[in-house]
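Colleague: return atomic coordinates for the entry below.
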Amino acid sequence: MAGAALRVGFIGLGAMGLPMAQNLAKRLGVKVTIADVNAKALEGAAAWGGVVAPSPAAVAAASDVVFTMLPDDQIVRAVALGPKGVIEGARPGLIYVDVSTIGPWTMREVAAALGAKEVEAFGAAATLGVAAAREGRLGIFVDSFSPSFAKVEALIKGFAKTIMPTGVLASSKVVKLVNNLMVGMNVAITAEAIALAGKAGIPAATIVKLIRKGSGDSYALANHF
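Modeller: Purely as a prediction, here's the structure:
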């Protein structure tokens with residue numbers, strides 16, 4: 001299977017990262033070297049194909065491609081570039097893919113630092129939420145600027161239903177931030193509309209049920225209300 005010969009690492013096993021790593025292992029039939037600061041997230045890893053490593057550096061040393069799915073920019077910097085970070089275990093030819101929701105500036109900073117060690121770094125970003133991560137139907141925006149994109153794409157198919165190439169380095173991060181902005185605005189206006197209906201005497205549950213069948217339906221309405 002495409003990508004199966006590559007050794008894969010995954011750092012960050014939270015609500016999104018854990019099912020992503022599990023689906024990757026299951027769909028591609030590979031062992032996944034993993035690390036997380038939360039020891040509980042590592043429990044039972046062997047049952048689904050996870051091989052626990054003591055640090056991000058150790059994950060990098062054992063992998064050809066390393067994914068990170070982390071909470072914020074500061075943690076991405078620490079995991080990628082800090083003590084015992086990916087950069088310490090990296091060797092020329094490693095591919096690093098960050099799937100976290102972070103600023104494009106952080107992705108460029110990490111890519112530049114890793115590039116000095118001949119590591120190619122990609123940005124990516126997940127959309128559709130935790131349920132989609134569990135079910136393996138995520139949408140993934142991913143930088144597609146390099147010939148190595150094909151290797152990354154083959155592995156992302158392990159945890160995603162839809163892969164959306166975005167172009168230059170860190171462009172996926174821009175797309176994800178714009179996506180989140182639009183979702184947030186949609187949630188806000190939908191809440192105002194439901195409140196307006198309530199003031200006019202239509203219960204919230206009723207307006208949601210009815211609009212879900214009309215042209216005002218949206219992802220925000222379906223998933224946030």
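
Colleague: so who does the residue nearest the centre of the chain touch?
Modeller: In the chain, the centroid-proximal residue (Cα atoms, centre = their mean) is residue 99; its distance is 3.5 Å. Contacts for residue 99 (Cβ atoms under 8 Å, 6 or more residues apart in numbering) come out as 20, 67, 68, 69, 124, 125, 126, 140. Every residue, glycine included, has its C-beta placed from N, CA and C.

Colleague: so what's the gap between the worst-scoring helix or strand of the chain on mean pLDDT and the chain middle?
Modeller: Scoring the helices and strands of the chain by mean pLDDT, DSSP states H and E places helix 219-224 at the bottom, with a mean of 91. In terms of Cα atoms, centre = their mean, to the nearest Å, the centre of helix 219-224 is set 20 Å apart from its chain centre.

Colleague: can you list contacts of that helix?
Modeller: For helix 219-224, contacts defined as Cβ under 8 Å, 6+ apart pick out 129, 183, 186, 187, 190, 208, 211, 212.

Colleague: please indicate which of those are buried?
Modeller: 183, 187, 190, 208, 211 (16 or more other Cβ atoms under 10 Å).

Colleague: show me which residues of stretch 139-149 are buried.
Modeller: Here stretch 139-149 shows 139, 140, 141, 142, 143, 144, 149 as buried, counting by 16+ other Cβ under 10 Å.

Colleague: coming back round to it: from the contacts of residue 99, which two are the most distant?
Modeller: 68 and 140 (13.7 Å; Cβ to Cβ).

Colleague: about what we covered before: widest-spaced pair of the buried residues of stretch 139-149?
Modeller: For the buried residues of stretch 139-149, and using Cβ to Cβ, no pair is farther apart than 139 and 149, which are 16.6 Å apart.

Colleague: buried stuff in the longest helix seen in the chain?
Modeller: In the chain, assigned by DSSP state H, the helix with the most residues is helix 171-199. Applying a neighbour-count criterion of 16+ other Cβ under 10 Å, the buried positions in helix 171-199 are 171, 172, 173, 174, 175, 176, 183, 187, 190, 194, 197.

Colleague: hang on, the last one packs against residue 207?
Modeller: Pointing back at residue 197 there. Yes - judged on Cβ atoms under 8 Å, residue 197 makes contact with residue 207 at a distance of 4.1 Å.

Colleague: next one: residue 10 relative to residue 61, how far apart?
Modeller: Separation of residue 10 from residue 61 (Cβ to Cβ, to the nearest Å): 14 Å.

Colleague: give me the more crowded residue out of those two.
Modeller: residue 10 (28 against 18; other Cβ atoms under 10 Å).

Colleague: distance of the closest residue in space to the more buried one that isn't next to it in sequence relative to residue 208?
Modeller: Spatial nearest neighbour of residue 10, excluding adjacent residues (Cβ to Cβ, 6 or more residues apart in numbering): residue 21 at 4.0 Å. According to Cβ to Cβ, residue 21 stands 34 Å off from residue 208.

Colleague: my guess is residue 137 meets residue 126, correct?
Modeller: No - Residue 137 is beyond contact range of residue 126, at 10.9 Å (criterion: Cβ under 8 Å).

Colleague: so for those two, which residues contact both of them?
Modeller: Shared contacts of residue 137 and residue 126, defined by Cβ under 8 Å, 6+ apart, comprise residue 160.
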